[in-house]
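# Any chance you can model this:
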Amino acid sequence: MIPGGGQPNMQQLLQQAQKMQQDLAQAQEELANTEVDGQAGGGLVKATVTGAGELRALKIDPKAVDPEDTETLADLIVAAVHAANENAQNLQQQKLGPLAQGLGGGSGIPGLPF
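Numbers count the residues shown, from 1 in each chain. Next up is the predicted model:
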């Protein structure tokens, strides 16, 4: 509801939208610089990804390497990367969730990208 029943202050709405965009950009930058880990095989394989999901590191314990069974190692790598990406998605929801809800609610102004 608009107090007094008048039209919304367009300048104020645009300022709020601009602040939300700045907050979103800042949160996305923080995600890109934050690293999260995932592991598989009781820690035999560890993957590190950014909060944005970019794979940064992969550590494989020598005990996980069996030349006769590379398939299991491949499965552990996939599982570790998957776990790290799940952790990154959780981080994204924590950082971007409130902002996305604010933007997703829509400003009600046609032509704005949110």
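# If you count contacts, what does the strand or helix carrying Leu76 end up packed against?
Assigned by DSSP states H and E, Leu76 belongs to helix 70-104. Counting contacts by 3 or more Cβ pairs under 8 Å, 6 or more residues apart in numbering; DSSP states H and E, helix 70-104 is packed against helix 10-33, strand 35-40, strand 45-50, strand 55-60. Quick note: C-beta positions are derived from backbone N, CA and C, even for glycine.
# distance of the spatially most central residue of the chain from Thr48?
By Cα atoms, centre = their mean, the chain has its centre lying nearest to Gln92, at 2.9 Å. Per Cβ to Cβ, to the nearest Å, Gln92 is found 16 Å from Thr48.
# do the same with Leu24
Remark: distance between Leu24 and Thr48 (Cβ to Cβ) = 25 Å.
# The two: who's more crowded?
Thr48 (20 against 17; other Cβ atoms under 10 Å).
# dump the residue contacts of the more buried one.
Glu35, Val36, Asp37, Leu55, Arg56, Ala57, Leu58, Lys59, Ala84 (Cβ atoms under 8 Å, 6 or more residues apart in numbering).
# number of nearby residues for the residue nearest to Ala27 when sequence neighbours are not counted?
Nearest non-adjacent residue to Ala27, counting by Cβ to Cβ, 6 or more residues apart in numbering: Lys95, 4.6 Å away. The tally of other residues near Lys95 (other Cβ under 10 Å) stands at 18.
# Could you check how far Lys95 is from Gly51?
For Lys95 relative to Gly51 (Cβ to Cβ), the value is 7 Å.
# what residues do these two have in common as contacts?
Going by Cβ under 8 Å, 6+ apart, residues that sit against Lys95 and also against Gly51 are Glu30, Leu31.
# hang on, the earlier thing: out of the helices and strands packed on helix 70-104, which comes closest to Ile77?
Shortest distance between Ile77 and the helices and strands packed on helix 70-104, using Cβ to Cβ, is found for strand 45-50: 5.5 Å.
# Find the helix or strand that Gly43 is a member of.
Going by DSSP H and E, Gly43 is not in any helix or strand.
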